[in-house]
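Peer 1: For reference, the sequence and a predicted model appear below.
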Amino acid sequence: MNWMLFLPELSCLFMSAVFLGLSTREGPDHRGSFFAALLLSFLVVAASLVAVPLTGTLFLETYRVDLFSQVFKGILAMGLLLVVCLCGDLKDIEERHHPEFYLLLTVATLAMMMMVSSVHLLTLYLSMELSSYALYILVPMRRGHGADVEAGIKYFLVGIFASAVMLFGLAALYGATQASYVTEMMQVLPGMMSRPMVAVGLLFTLCGFFFKLAVFPFHYWAPDVYQGGANQVVAYIATASKVAAVAILIRLVALSGGDSAYLAHVLVGLSVVSMTLGNLVAIVQKDMKRLLAYSSIAHAGYVLIGILTMSPEGYAGAIFYGLAYLVMQFTCFLVIVQVAHDGEDLQIEQLAGLHRRSPILAMALMIGIFSLAGIPPTAGFTAKFVIFAAAMGEGHFFLPFIGMINVVISLYYYLMVIRAAYLLDGDEGLPLLHVTFPTKVLAAGLVVALIWIGMAPQPIFELARAAAAALM
């Protein structure tokens with residue numbers, strides 16, 4: 001067996017073993033834990049990039065390594081590194097729990113990497129549960145904040161319900177096809193999609209990943225978890241966790257072979273409701289993280305537009321959207337972490353005067369928000385254009401129309417954030433924000449990345465197209 005195929009996962013496993021050892025030491029060393037996490041997360045990114053061209057199968061063909069899985073592993077590794085970069089001043093988590101915090105982050109990333117390569121029903125379910133339980137523990141770890149426990153309980157309860165529904169769907173698929181390997185199912189499932197048991201089984205299986213993506217009606221956890229969790233934890237849930245869910249939704253929807261009108265109609269309904277609900281409720285939010293939570297529900301609806309086309313172009317568009325979404329969401333959370341330096345929740349009105357207190361953070365927030373809103377020439381505009389074009393190419397003209405209406409609705413609350421940062425002066429007594437040089441470099445790099453992806457998307461989209469082709 002070629003263990004090089006397992007290189008990204010082995011690097012994550014090594015990182016988790018290091019922090020498991022550090023968690024047994026007496027006495028906190030938060031700076032040492034941070035630098036160790038930073039170094040090891042760089043190692044994970046390097047290992048993931050080295051492994052991108054590798055292909056093959058492992059563990060009795062229950063684990064498939066192809067360009068599709070390797071691209072997502074690279075994105076997940078980048079998400080882990082970016083979140084670790086936010087943890088230089090980790091005030092929300094008690095210092096004695098910092099090693100456990102990094103351990104759980106790494107375990108969640110490892111499980112998500114395994115999830116995108118799993119092609120057996122059992123390994124797929126177990127890897128999803130491993131990532132979920134790591135996140136269930138991370139959310140209530142926030143220090144001195146009563147909302148964290150309530151958010152953690154709600155996250156756990158909604159999660160186990162979605163997991164139970166997913167398990168029922170997996171059992172239905174296995175009962176109908178007598179196949180436990182995804183590759184075997186892809187051969188027999190397209191011809192069986194007219195059978196209600198198969199269509200319902202696939203839909204119920206997708207429910208577990210609808211929960212991770214915060215698709216209606218599995219979205220109830222998102223606002224409370226976003227507000228109750230530590231800022232760095234929420235940044236991870238809002239980025240890496242969503243990317244992993246996109247990957248598995250694409251792989252499972254591809255099982256239908258594009259022949260299920262029933263599944264397509266259900267996905268259309270979920271997409272429209274998620275977009276509309278997320279954008280309408282976001283309008284009245286005053287808390288920045290709750291606003292981003294409802295925004296994420298709307299973006300889940302946008303991603304579904306690309307997936308429900310059940311075409312290589314649509315899948316490629318969804319992959320591209322996942323990468324763009326990770327970068328633009330992380331850019332916003334970078335600003336939240338820096339402005340709310342005491343670890344508290346950030347109200348939108350607290351952004352007043354940000355252009356004066358820290359011009360670089362104000363610019364990063366502006367570009368991140370513009371990208372979420374889909375304003376050219378940012379990555380968000382190009383991502384929306386790609387998935388809308390893929391939908392129209394398959395004859396779904398109604399969906400892009402609804403999507404554009406929702407984009408217009410979202411402009412209101414996104415521009416309220418920009419208004420607070422640039423047009424409101426705020427309290428003149430507020431001091432200038434102390435932003436370290438590495439943070440300034442990171443903010444500038446994210447701004448450049450969002451504009452570059454928006455203006456020159458061809459290399460990344462071609463990679464996404466090749467990854468989608470490998471899936472097919």
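Peer 2: It's in.
Peer 1: If we ignore the residues flanking it in sequence, what's nearest residue 375?
Peer 2: Counting by CB to CB, 6 or more residues apart in numbering, the nearest residue to residue 375 once its immediate chain neighbours are dropped is residue 381, at 6.0 Å. Just so you know, the C-beta spots here come from the backbone N, C-alpha and C atoms, and that holds for glycine as well.
Peer 1: Make sure I have this right: that neighbour is in a helix.
Peer 2: Yes. Assessed with DSSP: H, G, I helix; E, B strand; the rest coil, residue 381 lies in a helix.
Peer 1: I'd say it and residue 454 touch.
Peer 2: Yes. Using CB atoms under 8 Å, residue 381 is in contact with residue 454, at 5.8 Å.
Peer 1: Pull up the overlap in contacts between these two.
Peer 2: Common neighbours of residue 381 and residue 454, using CB atoms under 8 Å, 6 or more residues apart in numbering, are residue 371.
Peer 1: Between those two, which is the more surrounded one?
Peer 2: Applying other CB atoms under 10 Å to residue 381 and residue 454 shows that residue 454 carries more neighbours, namely 24 against 21.
Peer 1: Let me see the contact set for that one.
Peer 2: So residue 454 contacts 371, 376-382 (CB under 8 Å, 6+ apart).
Peer 1: So for it, what's the pLDDT?
Peer 2: pLDDT for residue 454: 87.
Peer 1: That one: which element?
Peer 2: helix 437-455 (DSSP states H and E).
Peer 1: Flag every buried residue along that helix.
Peer 2: By 16 or more other CB atoms under 10 Å, the buried positions in helix 437-455 come out as 439, 442-443, 446-447, 449-451, 453-454.
Peer 1: Would you state the helices of the stretch 201-350 of the chain in chain order?
Peer 2: For the stretch 201-350 of the chain, the helices defined by DSSP state H, counting those that start in this stretch occupy 221-228, 231-253, 261-282, 288-308, 312-339.
Peer 1: Which residue, other than its chain neighbours, is closest to the residue positioned nearest the centre of the chain?
Peer 2: For the chain, residue 242 is the residue whose C-alpha lies nearest the centre (CA atoms, centre = their mean; 2.2 Å). Excluding the flanking residues, the one nearest residue 242 by CB to CB, 6+ apart is residue 213, at 5.9 Å.
Peer 1: Any regions of this structure where pLDDT drops low?
Peer 2: Along the chain, segments meeting pLDDT under 70 span 1, 26-30, 144-148, 193, 256-261, 342-343, 426-430, 472.
Peer 1: Check it for its longest helix and report it.
Peer 2: Ranked by residue count under DSSP state H, the longest helix found in the chain is helix 147-177.
Peer 1: buried stuff in it?
Peer 2: Quick answer for helix 147-177 (16+ other CB under 10 Å): 148, 151-156, 158-159, 162-163, 165-167, 169-170, 172-173, 176-177.
Peer 1: Packing partners of it?
Peer 2: Secondary-structure packing of helix 147-177 (3 or more CB pairs under 8 Å, 6 or more residues apart in numbering; DSSP states H and E): helix 121-138, helix 182-188, helix 196-213, helix 221-228.
Peer 1: Buried deepest among those helices, which one?
Peer 2: helix 221-228 (a mean of 25; mean count of other CB atoms under 10 Å).
Peer 1: Give me the contact list for that one.
Peer 2: 139, 142, 145, 147-152, 154-155, 158-159, 211, 214, 234, 237-238, 287, 289-290, 292-294, 296-297, 345.
Peer 1: Name the secondary structure element that contains residue 385.
Peer 2: helix 379-393.
Peer 1: Put together JSON lines for the helices and strands packed on helix 147-177, with distance to residue 404 on each row.
Peer 2: Formatted as JSON lines, these follow (distance: least, CB to CB, whole Å):
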{"stretch": "helix 121-138", "distance to residue 404": "33"}
{"stretch": "helix 182-188", "distance to residue 404": "34"}
{"stretch": "helix 196-213", "distance to residue 404": "21"}
{"stretch": "helix 221-228", "distance to residue 404": "24"}
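Peer 1: So which of these is nearest residue 66?
Peer 2: helix 182-188 (11.0 Å; CB to CB).
Peer 1: Now do the closest one: everything it contacts.
Peer 2: Contacts for helix 182-188 (CB under 8 Å, 6+ apart): 61, 64, 118-121, 124, 173, 177, 179, 251, 254-255, 257.
Peer 1: The same query, at a cut-off of 6 Å, please.
Peer 2: With contact meaning CB atoms under 6 Å, 6 or more residues apart in numbering, helix 182-188 is reached by 119, 177, 179, 255.
Peer 1: Tabulate these (TSV), appending distance to residue 424.
Peer 2: Converted to TSV, the contacts of helix 182-188 look like this (distance: CB to CB, whole Å):
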residue	distance to residue 424
119	52
177	58
179	59
255	50
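Peer 1: biggest separation within those, which pair?
Peer 2: 119 and 177 (14.0 Å).
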